[in-house]
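Asker: Model the structure of this input:
(chains A and B)
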Amino acid sequence: GNSVTQMEGPVTLSEEAFLTINCTYTATGYPSLFWYVQYPGEGLQLLLKATKADDKGSNKGFEATYRKETTSFHLEKGSVQVSDSAVYFCALINGNNRLAFGKGNQVVVIP
Amino acid sequence: NAGVTQTPKFQVLKTGQSMTLQCAQDMNHNSMYWYRQDPGMGLRLIYYSASEGTTDKGEVPNGYNVSRLNKREFSLRLESAAPSQTSVYFCASSVVETYEQYFGPGTRLTVT
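Answerer: Now for the predicted structure:
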């Protein structure tokens, strides 16, 4: 079935640094792709999405482009803030209206 | 508009005890889900309900049962809790057309 793979390990960076979190997918066809964010002590919330190849999703300064050539949907932000410290999950539709999530990446932004 | 609500927020059980986790949504969504979140494992789907009156197993259904009481409410029951069920449980709901899921704040369950 469809699946996503996220880069291993937490990401620690300084405020105003550039953030990239890698996500690659394996899928039949071109399912919608999502990034969810989980702030400490909260549930997940949708950060952005792309519904077809070459689409770019964006929200709160974050961007991700649906690239079918490299089967990727990497999340980027040009200048992170302490408030961006959270866990980020890549996800895609796995048929029957179900989401398949990656394992998530902890992002820690140091002032 | 409360979104997705879950009760309780925290719970400690002894092995063998039973309990029901409650979930309700006020967004008129057809689909509802139960996930568990464990360190290093991401989110794993326990059960889901595509619409009122239907439920289906997800990746890790063993040891759990669910009830879709009506369109708003979807409960998760642990009949005989085990330490392996120590986890954070999330309920979610979605509109079928967009596949966007909305999550509750979670229930942190510890089984001793």
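Asker: Write down the beta-bridge partners of A:Ala50, one by one.
Answerer: Residues in a beta bridge with A:Ala50, per DSSP bridges, are A:Leu33.
Asker: neighbours around it, how many?
Answerer: For A:Ala50, the count of nearby residues is 21 (other CB atoms under 10 Å in any protein chain shown). Backbone N, C-alpha and C define where each C-beta goes, glycine included.
Asker: How about B:Thr86?
Answerer: Neighbours of B:Thr86 (other CB under 10 Å): 16.
Asker: Now it: phi and psi?
Answerer: For B:Thr86, the backbone dihedrals (degrees, to the nearest 10) come out as phi -60, psi 120.
Asker: Now do stretch A:73-90: distance to the chain's middle.
Answerer: 8 Å (CA atoms, centre = their mean, to the nearest Å).
Asker: what's across from B:Tyr64 in the sheet?
Answerer: Beta-bridge partners of B:Tyr64, as defined by DSSP bridges: B:Leu78.
Asker: What about it, how many residues nearby?
Answerer: Neighbours around B:Tyr64, by other CB under 10 Å: 19.
Asker: hmm, stretch A:87-95 touching chain B?
Answerer: Yes - using CB under 8 Å from any CB of the partner chain, we find that stretch A:87-95 touches chain B at A:Phe89, A:Ile93.
Asker: Could you check how far that stretch is from the centre of its chain?
Answerer: Offset of stretch A:87-95 from its chain centre (CA atoms, centre = their mean): 8 Å.
Asker: May I see the buried residues of the host helix or strand of B:Arg108?
Answerer: For B:Arg108, the host element (DSSP states H and E) is strand B:107-111. Within strand B:107-111, the residues that qualify as buried are B:Thr107, B:Arg108, B:Leu109, B:Val111, counting by 16 or more other CB atoms under 10 Å in any protein chain shown.
Asker: where exactly do the strands run in chain A?
Answerer: Ranges of strands within chain A are A:3-6, A:11-14, A:19-21, A:23-26, A:33-38, A:44-50, A:56-59, A:62-65, A:75-77, A:86-93, A:99-101, A:105-110, based on DSSP state E.
Asker: Mind putting these into TSV with mean pLDDT?
Answerer: Shown next, in TSV, are the strands of chain A (pLDDT from 0 to 100):
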stretch	mean pLDDT
strand A:3-6	93
strand A:11-14	96
strand A:19-21	97
strand A:23-26	96
strand A:33-38	96
strand A:44-50	95
strand A:56-59	97
strand A:62-65	98
strand A:75-77	98
strand A:86-93	94
strand A:99-101	90
strand A:105-110	96
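Asker: Looking at the ones you listed, which is nearest to B:Thr5?
Answerer: strand A:44-50 (14.8 Å; CB to CB).
Asker: contact partners of the closest one?
Answerer: Contacts with strand A:44-50, where a contact means CB atoms under 8 Å, 6 or more residues apart in numbering or on different chains, come from A:32-39, A:56-60, A:62-66, A:73, A:75, A:88-89, B:43, B:90, B:92, B:100-103.
Asker: now do stretch B:60-79
Answerer: In contact with stretch B:60-79 (CB under 8 Å, 6+ apart) are residues B:13, B:18-26, B:28, B:30, B:32-34, B:36, B:44-47, B:49, B:52-55, B:80, B:82, B:84-85, B:89, B:91, B:93.
Asker: Quick check: end-to-end length of it?
Answerer: With CA to CA, to the nearest Å as the measure, stretch B:60-79 spans 15 Å from end to end.
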